[in-house]
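Engineer: Could you work out the structure for the sequence below:
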Amino acid sequence: MTAEARPRLRADARRNRDRIIATATQAFADDGPDVPMEEIARLAGVGVGTLYRRFPDREALVVAVVRDSLATTLARARAAADSDAAAAADPATKADPATADPAAAEGRAWDALVNSLNPSHELRLTMRLTSLFSPTTAAAVRADPAITRIRREYAETLDALVLAAQAEGSLRPDVGSGDVAHLLSLAAYGLSRAPDATAEIAFDRARAIILDGLRAHPTAPLPGHPLTTTDLASE
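Structural biologist: Prediction:
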């Protein structure tokens, strides 16, 4: 095999994998995680042998679907955090304290937090899928080291975004990153069985209401203490 052919084969293999993951995500969300592997191969336009070489069984495919979806979510959150950090370090973006509008409480950090909480279409499908997991499949997902790492890194990124928005004065001070994550998860899972079009607009509306309630200057105090993502993980 020539040196030129090897990168092309690797690119083809990557495209096949991505096509299988995208197809499986949609198929599992539509019909549950028991869709025949042969049907997934057909829908993805690959051979059954190609599918099984990449994913030896259904459990491996489901874990890969969840892993890729969460990795996309982590990348989005990191991009939002990096954008906020870059803007904060740029002198051109810093307001002059003498002329700054004190009423303009919401700014960069709030925007970064909001952007990080805008889930991809793939993540919404994955949330729908996880509501259908058998105990065995759910255990396999929880046990996957890559998924565990991604969730930990996402929690750390969300912690930083929440603290930045609170320091900016745009996010109410009596909530934690666990509160934010839990509220968005409740909205997503609660709509997981709704038809696609309904679920999309219903989630967008629920998300807007939740974010409005997270703004600074709340009219009523919250019970208990701010939840962290560590609190949620220990339940």
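
Engineer: Kindly state the domain boundaries assigned to this protein.
Structural biologist: Per automatic domain parsing, the domain ranges recorded for the chain read 1-56, 60-233.

Engineer: Output the ones you listed as TSV; include the columns mean pLDDT and mean neighbour count.
Structural biologist: No exception for glycine: its C-beta is placed from N, CA and C like everyone else's. What follows is these, written out as TSV (pLDDT from 0 to 100; neighbours: other Cβ atoms under 10 Å):
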stretch	mean pLDDT	mean neighbour count
domain 1-56	86	15
domain 60-233	82	16
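
Engineer: distance between the helix or strand containing residue 140 and the chain's centre?
Structural biologist: Here residue 140, judged by DSSP states H and E, is contained in helix 135-143. In terms of Cα atoms, centre = their mean, to the nearest Å, the centre of helix 135-143 is found 19 Å from the chain centre.

Engineer: I'd like the next helix or strand past that helix.
Structural biologist: helix 145-168.

Engineer: moving C-terminal of that following helix, what's the next helix or strand?
Structural biologist: Trace forward from helix 145-168 with DSSP H and E and the next one is helix 177-190.

Engineer: Can you spell out which helices and strands pack onto that next one?
Structural biologist: Judged by 3 or more Cβ pairs under 8 Å, 6 or more residues apart in numbering; DSSP states H and E, the packing partners of helix 177-190 are helix 121-130, helix 145-168, helix 196-214, helix 229-233.

Engineer: For residue 189, find the nearest of those.
Structural biologist: helix 121-130 (6.0 Å; Cβ to Cβ).

Engineer: Can you name every helix or strand that the closest one contacts?
Structural biologist: helix 5-31, helix 58-89, helix 177-190, helix 196-214.

Engineer: distance between the third one and the chain's centre?
Structural biologist: So that's helix 177-190. 11 Å.

Engineer: how distant is stretch 31-47 from the center of its chain?
Structural biologist: Taking Cα atoms, centre = their mean, one finds the center of stretch 31-47 at 24 Å from the center of the full chain.

Engineer: what does that stretch contact?
Structural biologist: Contact with stretch 31-47 is made by 16, 19-20, 22-24, 27-28, 48, 50-52, 58, 61-62, 129, 132-134, 137, as judged by Cβ atoms under 8 Å, 6 or more residues apart in numbering.

Engineer: If you drop the residues flanking it in sequence, what lies closest to residue 178?
Structural biologist: Nearest residue to residue 178, sequence neighbours excluded (Cβ to Cβ, 6 or more residues apart in numbering): residue 227, at 3.4 Å.

Engineer: Helix, strand, or coil at the one you found?
Structural biologist: coil (DSSP: H, G, I helix; E, B strand; the rest coil).

Engineer: Which one, of the helices and strands packed on helix 121-130, ends up nearest to residue 125?
Structural biologist: Among the helices and strands packed on helix 121-130, the nearest to residue 125 by Cβ to Cβ is helix 5-31 (3.9 Å).

Engineer: The most centrally placed residue in the chain and residue 116, how far apart?
Structural biologist: Geometric centre of the chain, nearest residue: residue 73, 3.3 Å, by Cα atoms, centre = their mean. Between residue 73 and residue 116 the computed distance is 9 Å (Cβ to Cβ, to the nearest Å).
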